[in-house]
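Here is the input, now give the coordinates:
(one chain, ligands or ions: 1)
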Amino acid sequence: MTNQNKKIYLSPPHLTGEEQKYVKEAFDTNWIAPLGTNVTNFEKDICSYTGSKNCSVLASGTAAIHLALIILGIQENDEVLCSSFTFSASANPICYLKAIPVFVDSEKETFNMCPELLETAIKDRIAKGKKPKAIILVHIYGMPSKMDEIVNIANKYTIPIIEDAASCLGSSYKGKAMGTFGEIGIYSFNGNKIITTSGGGALVSDTKEYTDKATFLATQARDNAPHYQHAQIGYNYRMSNVLAGIGRGQMEVLNDRVKARRANYNFYKEALKDMEQITFNEEPKGFYSNRWLTTILTDSYQTREKLRLTLEKENIESRPMWKPMHLQPVFANFPAYVNGVSEDLFNRGLCLPSGSNLTEHDLNRVVEGIKKVLLN
Ligand SMILES: *Cc1c(COP(=O)(O)O)cnc(C)c1O
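Down below sits the predicted model:
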């Protein structure tokens, strides 16, 4: 295959080489074990970037959500409200604990959890005799949720928020970083996220007991004793010091990554502004998205599929927007408060290649592929 036609991925990793400095440091100091200066410094970097007071770096974003639920005391048969329009990893940990996910649909502006529907769901669950124990609030594709409204509702009913900000490092609402609004916030450093450690996650909180507890549980819940002593079930969820080294290197370029992804969005929007069959989701005032993925909403399922398949033929990866959790076979039997928004997004929405290492040539190839369909 010629270089002209090289595969364009949706959101590939983007390393600089600088990461190796910290990885080498881990080797040189023999801190290969899951402890050491990279872990501590990566946590400090995340705190200073987000303004969160405390951080525990972990094996994955999913592990962070799992620990967040345990820390907030979620138990078997407890109900946990969760955004329906998300990746399954937001909801799976609820089921690890045999708790019950209760899904809440989206609003049209940000695609995130609809505040009105959230309140409807809370009232209805309470009326049914079971007050939800937590809210897993997901900020999707980098876009912040309507925080004033949602935080108000959570406060009104005193239900803690776990912010799934897996893809939202670098996004903010009225100047405050996503992940820092809830009792607990989580980030992911999976290979497709805005920055990566190949695999990894973080749990942040202004409550030090929570992050301490996360670190404790993530390292097999060892009590303080010369021998191995355990009073509760532990997990092997800590991030390794080698991977934290990659994270330190990536933190140095996080702002560049946000800039590049936002530039992708602006490029697509400008290049496709005359295409009447598609729309872009604008940032409402006070919302700042890292534009992890640029998404477009088409006029029909048919147009969406034509675009996706045409791009695929051009060796360009695109993907339908999330299939909502309430439509997933695995979650079909759980309660859901639905307004049709996320199902419509799933039917008509497409995620475009959004990597921070896309070249102008790549972006033009995507635009040409889209125009080929829409101008026909
Ligand atoms: C990636 C992602 C996760 C899971 O993070 P991992 O680090 O892959 O476990 C959870 N929620 C959302 C919204 C994500 O995008």
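
Give me the domain ranges for the chain.
19-251, 254-374 (automatic domain parsing).

export those to TSV and tack on mean pLDDT and mean neighbour count?
(Each C-beta comes from the backbone N, C-alpha and C, glycine too.) Below are the domains of the chain laid out as TSV (pLDDT from 0 to 100; neighbours: other Cβ atoms under 10 Å):
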stretch	mean pLDDT	mean neighbour count
domain 19-251	96	21
domain 254-374	97	18
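
Assign residue 131 to helix, strand or coil.
Put simply, residue 131 is coil when judged by DSSP: H, G, I helix; E, B strand; the rest coil.

residue ranges of the strands in the stretch 51-200 of the chain, please?
With DSSP state E, counting those that start in this stretch as the criterion, the stretch 51-200 of the chain has strands at 54-58, 79-83, 100-104, 134-138, 161-164, 172-173, 176-177, 184-188.

can the second one be found next to the ligand?
No - interface with the ligand: strand 79-83 contributes nothing (Cβ under 6 Å from any ligand atom), its closest point being 8.4 Å away.

From residue 25, how far out is whichever residue of the stretch 51-200 of the chain sits closest to the ligand?
Nearest to the ligand in the stretch 51-200 of the chain, going by Cβ to the nearest ligand atom, is residue 61, at a distance of 2.6 Å. Distance, residue 61 to residue 25, using Cβ to Cβ, to the nearest Å: 25 Å.

next one: residue 42
From residue 42 to residue 25 the distance is 12 Å (Cβ to Cβ).

intersection of neighbour lists for the two?
Here residue 42 and residue 25 have residue 245 as joint contacts, going by Cβ atoms under 8 Å, 6 or more residues apart in numbering.

what's the spacing between residue 177 and residue 81?
Using Cβ to Cβ, one obtains 22 Å as the distance from residue 177 to residue 81.

Is it possible to get the strands of the stretch 51-200 of the chain out as JSON lines so that each row also shows distance to residue 21?
Putting the strands of the stretch 51-200 of the chain into JSON lines (distance: least, Cβ to Cβ, whole Å) gives the following:
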{"stretch": "strand 54-58", "distance to residue 21": "18"}
{"stretch": "strand 79-83", "distance to residue 21": "38"}
{"stretch": "strand 100-104", "distance to residue 21": "42"}
{"stretch": "strand 134-138", "distance to residue 21": "34"}
{"stretch": "strand 161-164", "distance to residue 21": "31"}
{"stretch": "strand 172-173", "distance to residue 21": "29"}
{"stretch": "strand 176-177", "distance to residue 21": "26"}
{"stretch": "strand 184-188", "distance to residue 21": "22"}
